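Peer 1: Sequence and predicted structure below; questions after.
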Amino acid sequence: MLEYQVECIGSDNVTFTDLMTMILQTEANQTTVDDSTVNENLVSVAEAIAVTEAVSIIGVLAIAKYGPTSPQPRYGFARYS
């Protein structure tokens, strides 16, 4: 868990991104890199993609039936007539 305390005095607008960039660059300069270190470079690539969706309803299972045609037309305190 990383914890930082930052104090800023100035008249320029400083954003959260500016602060984190400064902190991460300072930390990266202090980190030792040896031969066992694995670096990952993320490269964004513009790619067209088509998304389709198909839905199939195979069957419907009704576990209860309420209404005038049910054998027990009652649900809670309500009655159907």
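Peer 2: Ah, there it is. None of the values given here were measured: they were computed from a predicted structure. Numbering: from 1, shown residues only.
Peer 1: any idea what Thr26 is structurally, helix, strand or coil?
Peer 2: helix (DSSP: H, G, I helix; E, B strand; the rest coil).
Peer 1: Quick one: residues contacting it.
Peer 2: If a contact means Cβ atoms under 8 Å, 6 or more residues apart in numbering, then Thr26 has no contacts. In this view, the C-beta of every residue, glycine as well, is placed from N, C-alpha and C.
Peer 1: ok, so what distance separates it from Asp12?
Peer 2: To Asp12, Thr26 is 19 Å away according to Cβ to Cβ, to the nearest Å.
Peer 1: roughly how far apart are Val6 and Leu19?
Peer 2: Distance, Val6 to Leu19, by Cβ to Cβ: 6 Å.
Peer 1: Give me the more crowded residue out of these two.
Peer 2: Leu19 (13 against 9; other Cβ atoms under 10 Å).
Peer 1: Pretty sure that one sits in a helix.
Peer 2: Yes. Assessed with three-state DSSP, Leu19 lies in a helix.
Peer 1: Identify the residues contacting it.
Peer 2: Shown in contact with Leu19 (Cβ under 8 Å, 6+ apart): Val6, Cys8.
Peer 1: Low-confidence bits of the chain, can you list those?
Peer 2: Residue ranges of the chain with pLDDT under 70: 11, 60-81.
Peer 1: Would you state the strands of it in chain order?
Peer 2: 74-75, 78-79 (DSSP state E).
Peer 1: Please verify my assumption that Val14 contacts Glu7.
Peer 2: No. At 11.4 Å, Val14 does not count as touching Glu7 under the criterion of Cβ atoms under 8 Å.
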